[in-house]
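Trainee: Here's a sequence, model it:
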Amino acid sequence: FLGWTAAFAPLQRPVKTSTQLEMVSRRDALVGIISASVLLPETARAFSQQLDDYAFEPQQQATDGKWDLNSAFVGDYKYFPGMFPTAAGKICSNGPYEKVSDIYKIPGLTSNDVKLFKKYDKYFTVNPPGRSFYERINNRVST
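Mentor: Numbers count the residues shown, from 1 in each chain. Sure thing, here's the model as predicted:
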């Protein structure tokens with residue numbers, strides 16, 4: 001019985017109720033940053049070598065104006081009527097692809113998906129998968 005009532009008893013230690021932030025001097029902040037970069041060189045190097053979100057990698061460039069199945073974002077398939085979101089999602093959820101005909105091997109395709117793929121496969125190409133292969137489902141765009 002005492003354990004239950006203790007849950008409603010006032011706290012015995014003082015509680016800080018201020019929302020004031022503790023200030024850190026510039027010197028202390030710089031020392032902390034420099035120390036972290038010396039002690040964690042891999043982390044510091046990772047931040048200094050971040051890739052530009054909109055940079056194109058040479059191997060990701062589709063040729064002859066075709067869409068690369070290994071790097072096209074799911075929203076890019078809106079240009080092909082009927083492809084977005086279902087058929088496009090199936091393409092982007094699978095892969096990487098070695099040739100365009102690999103899209104016909106995607107599990108769970110409907111006859112409508114196959115018709116769409118046949119209709120538009122002349123507009124597709126396949127390049128080696130790169131960085132954007134892993135980002136093609138959600139290119140920071142909601143549908």
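
Trainee: Which neighbouring elements make contact with the biggest helix by length in the chain?
Mentor: Of all the segments of type helix in the chain, defined by DSSP state H, the longest one is helix 26-39. With contacts taken as 3 or more CB pairs under 8 Å, 6 or more residues apart in numbering; DSSP states H and E, helix 26-39 sits against helix 41-48. No exception for glycine: its C-beta is placed from N, CA and C like everyone else's.

Trainee: After the helix it packs on, which helix or strand is next?
Mentor: Note on helix 41-48: by DSSP states H and E, the next helix or strand toward the C-terminus is strand 67-68.

Trainee: Parallel or antiparallel, list what pairs with that following strand.
Mentor: Strands adjacent to strand 67-68 in the sheet, as given by DSSP bridges, are strand 124-125 (parallel).

Trainee: Quick one: mean pLDDT over the helix or strand harbouring Gly89.
Mentor: Of the helices and strands defined by DSSP H and E, Gly89 is found in helix 86-93. The average pLDDT for helix 86-93 rounds to 92.

Trainee: next helix or strand past it?
Mentor: Next along from helix 86-93, by DSSP H and E: helix 111-120.

Trainee: which residues are contacting that next one?
Mentor: Under the contact criterion CB atoms under 8 Å, 6 or more residues apart in numbering, helix 111-120 has outside partners 80, 82-83, 86-87, 90, 103-104, 106, 109.
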